[in-house]
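[1] have a look at this prediction, sequence included:
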Amino acid sequence: MGDPEAPPEDVPSNRVRVAFVAVGETHIELVQPADPSSPVAKFLESRGPGVHHLAFAVPSVDAALDEVRRRGGRVVDERARPGARGRRVGFAHPSAFGGVLVEFVEGP
């Protein structure tokens, strides 16, 4: 893996601190809880370190969340919210994707 693309960034809406590392055309997001009661802290407490979620670039987070609901899946976020690097993000519940937490990310 390469060097971080930028200094770590606090994401108050998710109560985490993140850093991104480019690996070819893909980006690996390293996530650290900034609050012991955050969902990421709870995840680490129950499951330990490892892969937390997969993220996909989409033209519209709201449209992607609507599509998950239309297909009968659950979502964590009803609408997009602020995420890292100034982007809008939204999460689908792991039950909608075979137990994997999925994040949808809009471009800047």
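    Structure received.

[2] my read: residue 58 touches residue 106, true?
    Yes - contact criterion C-beta atoms under 8 Å: residue 58 and residue 106 qualify, at 6.5 Å. Every residue, glycine included, has its C-beta placed from N, CA and C.

[3] quick one: residues contacting the nearest residue to residue 35 once chain neighbours are set aside.
    Of all residues not flanking residue 35 in the chain, residue 15 sits nearest, at 4.1 Å (C-beta to C-beta, 6 or more residues apart in numbering). Applying C-beta atoms under 8 Å, 6 or more residues apart in numbering, we find residue 15 in contact with 33, 34, 35, 37, 38, 39, 40, 41.

[4] what about those residues, which are in strands?
    Counting by DSSP state E, the part of the contacts of residue 15 found in strands is residue 33.

[5] out of the contacts of residue 15, which comes closest to residue 70?
    residue 39 (24.8 Å; C-beta to C-beta).

[6] which SS state does the residue nearest the centre of the chain fall under?
    Centroid-nearest residue in the chain: residue 103, 4.4 Å away (criterion: C-alpha atoms, centre = their mean). At residue 103 the chain is in strand, as set by DSSP: H, G, I helix; E, B strand; the rest coil.

[7] A strand includes residue 68, no?
    No - judged by three-state DSSP, residue 68 forms no part of a strand; its state is helix.

[8] what about it, how many neighbours?
    Applying other C-beta atoms under 10 Å, we find 19 residues neighbouring residue 68.

[9] swap in residue 5?
    Neighbours of residue 5 under the rule other C-beta under 10 Å: 11.

[10] hmm, who's touching stretch 33-53?
    Counting by C-beta under 8 Å, 6+ apart, 10, 12, 14-17, 31-32, 91, 100-103 sit against stretch 33-53.

[11] those, buried ones only, as a ChimeraX selection?
    The ChimeraX selection below is limited to those of those classed as buried (16 or more other C-beta atoms under 10 Å):
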select :14,15,16,17,31,91,101,102,103
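
[12] could you dump the contacts of stretch 33-53 to a markdown table with pLDDT and distance to residue 68?
    Putting the contacts of stretch 33-53 into a markdown table (pLDDT from 0 to 100; distance: C-beta to C-beta, whole Å) gives the following:
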| residue | pLDDT | distance to residue 68 |
| --- | --- | --- |
| 10 | 94 | 28 |
| 12 | 92 | 25 |
| 14 | 86 | 19 |
| 15 | 92 | 23 |
| 16 | 92 | 22 |
| 17 | 94 | 27 |
| 31 | 90 | 22 |
| 32 | 92 | 27 |
| 91 | 96 | 10 |
| 100 | 90 | 13 |
| 101 | 92 | 12 |
| 102 | 95 | 8 |
| 103 | 95 | 12 |
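
[13] alright, I will stop here.
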